[in-house]
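Undergrad: Got a sequence here, can you build the structure:
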Amino acid sequence: MAEGELPAVLILDIGGTHGILEDLAALLKKHFQLITMREFLANKEEMSKKIQSVFVFERRPTIDRELLESLPNLKVIGNSGVGVDHLDLKMISSFGVKVTNTPHAVAEPTADIGMALMLASARRLVEGNALNFLG
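TA: Okay, here's the model as predicted:
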């Protein structure tokens, strides 16, 4: 990494069906050079040396042995979610790579939705709402 150059992070894509949200991409660009999987695959030799981190969003990109072998300077995999069950932690650590996640990031919204569903069920709100449209 050259002086003044931002650390490079591999992501699947920006926007679209499986890419990171555009607002999140804008935030990340303040601190990192974002490299999409398409850009990486188009110029693997040059890009592989730059990438120090992979940002996993909604379980993508898939972290497998082939990807890890192609990223010699990879230091950390940042997983945006609570669990890491989709990651082979033993294999990843064998490459000397650390894994992070956000265990509390969605705790409160999940609790809010859970409470809303329980209240809606207890008060039969969905049924009442359907009856209201019939009347």
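Undergrad: Show me the chain divided up by domain.
TA: Domains of the chain are assigned by the TED database as 8-103, 106-134.
Undergrad: what's the most buried one of the ones you listed?
TA: Highest mean neighbour count of those: domain 8-103, a mean of 15 (counted as mean count of other C-beta atoms under 10 Å). For the C-beta atoms, the positions are set from N, CA and C on the backbone; glycine is no exception.
Undergrad: quick one: average pLDDT of that one?
TA: Mean per-residue pLDDT for domain 8-103: 94.
Undergrad: For the residue nearest to residue 89 when sequence neighbours are not counted, give the beta-bridge partners.
TA: Distances taken as C-beta to C-beta, 6 or more residues apart in numbering put residue 99 closest to residue 89, at 6.1 Å, once the chain neighbours are dropped. Beta-bridge pairing for residue 99 (DSSP bridges): residue 77.
Undergrad: which residues does residue 90 contact?
TA: Going by C-beta atoms under 8 Å, 6 or more residues apart in numbering, residue 90 touches no other residue.
Undergrad: Residue 73 too?
TA: Here residue 73 is in contact with 48, 49, 50, 51, 52 (criterion: C-beta under 8 Å, 6+ apart).
Undergrad: Check which helix or strand the first one maps to.
TA: Which is residue 48. Per DSSP states H and E: residue 48 is located in helix 44-50.
Undergrad: What backbone torsions are found at the spatially most central residue of the chain?
TA: Residue closest to the mean C-alpha point of the chain, counted by C-alpha atoms, centre = their mean, is residue 57 at 1.7 Å. Note on residue 57: backbone dihedrals following degrees, to the nearest 10 are phi -120, psi 120.
Undergrad: For it, give its distance to residue 108.
TA: Separation of residue 57 from residue 108 (C-beta to C-beta, to the nearest Å): 20 Å.
Undergrad: Residue 30 too?
TA: Here the criterion is C-beta to C-beta. By it, residue 30 lies 25 Å from residue 108.
Undergrad: Quick one: residues contacting residue 102.
TA: Applying C-beta under 8 Å, 6+ apart to residue 102 gives the contacts 79, 80, 81, 82.
Undergrad: Mind naming the longest helix for this protein?
TA: helix 107-122 (DSSP state H).
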